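Peer 1: Make a model of this:
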Amino acid sequence: MSASVRASYADDTALCKEFLEQYAVRAEGARGRLEKKYAKVLQDISNRAGRKVVVALDDLEEYFGKENSDFVDRIKGNTRRYVTLFSQAVDLALPPPTETRAVDDVFDVLTRQRTDTIEDNQDDGNPGSANSPNQLPKELTRRYEVLIVPSSLEKPMPLREVGAANVGKLVSIKGIVTRITDVKPLISVATYTCDSCGFEIYQQVTGNTYMPVTQCPTQECKTNNTRGSLFSQTRGSKFVKFQELKIQEMSDTVPMGHIPRSLTVHLRGELTRTCGPGDVVVVSGIFLPVPYTGFKAMRAGLTADTFLEATSVEQVKKSYTEQVITTDTRKRVEEFVMQNDAYGRLARSIAPEIYGHEDIKKALLLLLVGGVTRQLPDGMKLRGDIHICLMGDPGVAKSQLLKHVTTVAPRAVYTTGRGSSGVGLTAAVTKDQMSGEMILEGGALVLADMGICCIDEFDKMEEGDRTAIHEVMEQQTVSIAKAGITTTLNARTTVLAAANPRWGRYDTRRSPAENIALPAALLSRFDLMWLILDKSDMEGDTALAQHVLHVHRTSRAPELDFDPLDAPTLRAYIAMSRQFNPSVPKALTDYISAAYAEIRNEEASSEAPHSYTTARTLLSILRLGQALARLRFSEEVAQSDIDEALRLMKMSKISLYNDDRSTTARVDPITAIYSAIRDYAVRTNTLQVDYTKCVELITPKGYSQEQLKACLDEYKGLNVFTVTEDYDVLFGEDDLAAY
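Peer 2: As a prediction, the model looks like this:
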């Protein structure tokens, strides 16, 4: 601690200058060649090709090592002061420009004029000290900004652990951006002109507020005993870009019974416009206090507000268009496409911990990929987003599938029906704390723009709140007319909803319309309405239990017959597939129209239709086909894609059809036991089935040994097979010939 007290800022400035001039890294592709990293950055700034100097603590630790480790510690603990020292070091180490500029900008002309004026005043015997108000400040002539970023090995701190001990230090925080303001100019150096002596007066602004200078403080006005009035020069002042955002801690880090905390972050200069509402980011910066002003100061007393002055903003999950795909990842994806059944393997890579639901996972994969959004010449837009609703009995892993989709998608918002209101889904009118103006704050659907909005417990929503989703799902906009604000917000969002039937579980004695309990206007907007019934099946229930026990015992999914893609690689695959814009060839138009007409005809002839088919269903078939073509990296939709889209639409209601067949034509136990024994004999090509093997075959299906013996006696009397004294079954060669 004593070493840090005796530290000289002049010596530290010299160390900063030495680091900027001497630090070198090995250049890529050059064997043994060292390249001075920061010297190149300084040359770019001198040539007006760069605007920021990013000083990485990793480079400082590598350059100074253990000998000057206290210097790096001082930078971490007093970051704002060392930003100033690095700026002074850049001024000293800045090389002359190597490229000539064709035309000087306004800033160059003003700087040259001010420098000539100061030199003329010094020639007249009026030397200006470094602290005189008419001395040109360094802040006014700098065309760069210094940003100190933390070590890459340092993990982000939880937001609620940032406290008084971190004031003035460099910290990293991970969270989601909930609100962001417009970019506005923030004054850095105020310039005034005296109407009496003609001098320019400069005032550096370091805080949020400042008191403008009204009287000329120069020596000439004092000597002449004249109080010269100062007039502000907006053109001669320096402004920097400023943006304020609210970052909220992630929901998985909030303790039980607490609400998420938020922190204000200030972005300046080149860091502005680097993120938007709904983005998950890691923000590094200097944690600083700011005193309250005005009436708030009277109520606050000695307490102060805090904010984070950002030095770096890094997005955790970049969008598909911004994602940088490495060569190794691209090679792996291209190899995966060439494999057999790549479509099925991609679907099984989604939530492998969840047993079964392969067709549902295929539908979710198509939801992540999406169709092609068409913009017609007259301005009409045909959406390409695929909406899916999972409706089924409790305990069929609907919520787990939604949660997994939020981890795979680069931009996703998860919310529940009971905890969401219409305003919370669309937009709310709030009062801006900085300007006092009424502003719009986007809800879940607006935050998920160009992403996925997962709504759980969809059936628990109030009917009035649910109507707010209608416009978003088809027009993909949110129209607002509140508090004098009339506007339309973009909500190009894919909706993935999960709901339970009206009576908790699906009642097979009632029609599907009574069970679903959602209005037809909303149902028609979903491309796939997936009904999942939890029906008892001895074999399926046993396999499910084995799968769940394996996951709980080993904390991972059972081994598959291939290596599933992890979430980053799956994101890269989807990003590459979304670069294709497949179209439907003319040869398929008759086939698609005939399939659509057949679906409509089946629904019209059915007494209790399981779906609600409209013209939107035809667009759904096209969107699903386009998504399947994208997965094949193709620019044209094939007939197999349309067939798979139609199959998924049929499979979404297959549980209902199976249930209809089971209620109308239920198989008796005697016939079911005989079928199991016969199928085993045909499958294994054997004529004798032992009694113990017969017991093994029927026990998983829920049949008893008494029912087995009754079956053997009945079919023995019909001379279908022979039964020994030990109840072993003997088939004749002619008995199995037909099978």
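Peer 1: Quick one: the strands in the stretch 551-700 of the chain, in order.
Peer 2: Using DSSP state E, counting those that start in this stretch, the strands of the stretch 551-700 of the chain run over residues 688-689.
Peer 1: Can you pull the poorly scored residue ranges out of it?
Peer 2: Applying pLDDT under 70 to the stretch 551-700 of the chain flags residues 606-612, 655-667, 700.
Peer 1: can you give me the helices in it?
Peer 2: 567-577, 589-605, 615-631, 639-651, 654-664, 669-684, 691-698 (DSSP state H, counting those that start in this stretch).
Peer 1: which of those helices sits most buried?
Peer 2: helix 615-631 (a mean of 22; mean count of other Cβ atoms under 10 Å). Every C-beta, even on glycine, is put in place using the N, C-alpha and C of the backbone.
Peer 1: thinking again about what came up before, dump the helices of the stretch 551-700 of the chain to CSV, plus distance to Arg80.
Peer 2: Shown next, in CSV, are those (distance: least, Cβ to Cβ, whole Å):
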stretch, distance to Arg80
helix 567-577, 35
helix 589-605, 64
helix 615-631, 49
helix 639-651, 57
helix 654-664, 62
helix 669-684, 76
helix 691-698, 75
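Peer 1: Setting aside sequence neighbours, what's the nearest residue to Arg80?
Peer 2: Of all residues not flanking Arg80 in the chain, Ile286 sits nearest, at 5.2 Å (Cβ to Cβ, 6 or more residues apart in numbering).
Peer 1: pretty sure the one you found is in a strand, no?
Peer 2: Yes - under DSSP: H, G, I helix; E, B strand; the rest coil, Ile286 falls within a strand.
Peer 1: Looking at Ile247 now. What's its pLDDT?
Peer 2: Here the pLDDT value assigned to Ile247 is 91.
Peer 1: Same question for Val106.
Peer 2: On the pLDDT scale, Val106 is placed at 65.
Peer 1: Tell me which helix or strand the nearest residue to His547 once chain neighbours are set aside sits in.
Peer 2: In space, and not counting its chain neighbours, His547 is closest to Tyr355: 4.1 Å by Cβ to Cβ, 6+ apart. Following DSSP states H and E, there is no helix or strand that holds Tyr355.
Peer 1: Skipping adjacent residues, who's closest to Ile532 in space?
Peer 2: The shortest distance from Ile532 to any non-neighbouring residue, by Cβ to Cβ, 6+ apart, is to Gly392 (2.9 Å).
Peer 1: can you tell me which residues contact that neighbour?
Peer 2: Counting by Cβ atoms under 8 Å, 6 or more residues apart in numbering, Gly392 touches Lys398, Asn500, Pro501, Tyr506, Trp530, Leu531, Ile532, Leu533, Asp534.
Peer 1: Out of those, which one has the lowest pLDDT?
Peer 2: Out of those, that is Tyr506, at 73.
Peer 1: Phi, psi for it please.
Peer 2: Dihedral pair for Tyr506: phi -70, psi 120, per degrees, to the nearest 10.
Peer 1: One more: the one 10 residues further on?
Peer 2: Torsion angles at Ile516 (phi, psi; degrees, to the nearest 10) stand at phi -70, psi -40.
Peer 1: Hmm, it is touching Pro501, no?
Peer 2: Yes - shown here, Ile516 and Pro501 form a contact pair, counting by Cβ atoms under 8 Å, at 6.8 Å.
Peer 1: Find the residues that touch each one of these two.
Peer 2: Met391.
Peer 1: picking up where we left off before, so who does the residue nearest to His547 touch?
Peer 2: Ala397, Ala543, Leu544, His547, Val548.
Peer 1: just so I know, which of the helices of the stretch 551-700 of the chain lies nearest Asp44?
Peer 2: Distance to Asp44, taken as Cβ to Cβ, is lowest for helix 567-577 among the helices of the stretch 551-700 of the chain, at 30.5 Å.
Peer 1: What is that closest one packed up against?
Peer 2: Other elements packing on helix 567-577 under the criterion 3 or more Cβ pairs under 8 Å, 6 or more residues apart in numbering; DSSP states H and E are helix 327-338, helix 358-369, helix 398-408.
Peer 1: who touches the second one?
Peer 2: With contact meaning Cβ under 8 Å, 6+ apart, helix 358-369 is reached by 343-344, 346-348, 350-351, 386-388, 390, 401, 405, 408-409, 452, 494, 496, 528, 530, 532, 574, 577-578, 624, 627-628, 630-631, 648, 651-652.
Peer 1: Ok, the shortest one next?
Peer 2: Taking Cβ under 8 Å, 6+ apart as the criterion, the residues outside helix 398-408 that touch it are 350-351, 353-354, 357, 360-361, 364, 367-368, 390, 392, 412-414, 452, 454, 456, 496, 498, 532, 567, 570-571.
Peer 1: secondary structure element for Ser196?
Peer 2: When the helices and strands are read off by DSSP H and E, none of them contains Ser196.
Peer 1: Return the most buried member of the helices and strands packed on helix 567-577.
Peer 2: Most buried of the helices and strands packed on helix 567-577, by mean neighbour count (mean count of other Cβ under 10 Å): helix 358-369, with a mean of 23.
Peer 1: Could you list the paired strands of the next helix or strand after that one along with their orientation?
Peer 2: Next in sequence after helix 358-369, counting helices and strands by DSSP H and E, comes strand 374-375. Paired with strand 374-375 in the same sheet, following DSSP bridges, are strand 381-382 (antiparallel).
Peer 1: Pull the number of nearby residues for Thr476.
Peer 2: Careful, residue 476 is Gln and not Thr. 19 (other Cβ atoms under 10 Å).
Peer 1: Numbering from 54 from now on, please.
Peer 2: Fine by me, first position is 54 from now on; the one you just mentioned is Gln529.
Peer 1: who's in contact with the residue lying closest to it once chain neighbours are set aside?
Peer 2: Closest residue to Gln529 apart from its sequence neighbours, by Cβ to Cβ, 6+ apart: Arg545 at 4.8 Å. For Arg545, the contacting residues are Thr426, Arg436, Asp438, Asp502, Met503, Gln529, by Cβ under 8 Å, 6+ apart.
Peer 1: Same question for Met704.
Peer 2: Counting by Cβ under 8 Å, 6+ apart, Met704 touches Asp412.
Peer 1: Test my guess that Lys434 contacts Gln428.
Peer 2: Yes - Lys434 is within contact range of Gln428, at 5.5 Å (criterion: Cβ under 8 Å).
Peer 1: With neighbour numbers in mind, choose between these two.
Peer 2: A side-by-side neighbour count of Lys434 and Gln428, using other Cβ under 10 Å, places Lys434 first with 13 against 9.
Peer 1: which residues touch the residue nearest to Leu110 when sequence neighbours are not counted?
Peer 2: When the adjacent residues along the chain are set aside, Leu110 lies closest to Ser204, with 4.7 Å between them (Cβ to Cβ, 6+ apart). Under the criterion of Cβ under 8 Å, 6+ apart, the contact partners of Ser204 comprise Ala109, Leu110, Asp111, Glu114.
Peer 1: distance of Ser204 from Leu419?
Peer 2: Going from Ser204 to Leu419 by Cβ to Cβ, to the nearest Å gives 41 Å.
Peer 1: same thing with Asn219?
Peer 2: The value you get for Asn219 to Leu419, if Cβ to Cβ is used, is 46 Å.
Peer 1: Any regions of the stretch 404-553 of the chain where pLDDT drops low?
Peer 2: Along the stretch 404-553 of the chain, segments meeting pLDDT under 70 span 471-477, 480-481, 485-495, 536.
Peer 1: Do you have the strands of it handy? List them.
Peer 2: 427-428, 434-435, 441-445, 465-469, 480-484, 491-495, 505-509, 530-535, 538-543, 547-552.
Peer 1: quick one on the thing from earlier: among the contacts of Ser204, which lie within strands?
Peer 2: Among these, the members falling in strands (DSSP state E) are Ala109.
Peer 1: What segments of the stretch 104-253 of the chain are strands?
Peer 2: So, for the stretch 104-253 of the chain - with DSSP E, counting those that start in this stretch - the strands run 105-109, 198-202, 223-233, 237-247, 253-257.
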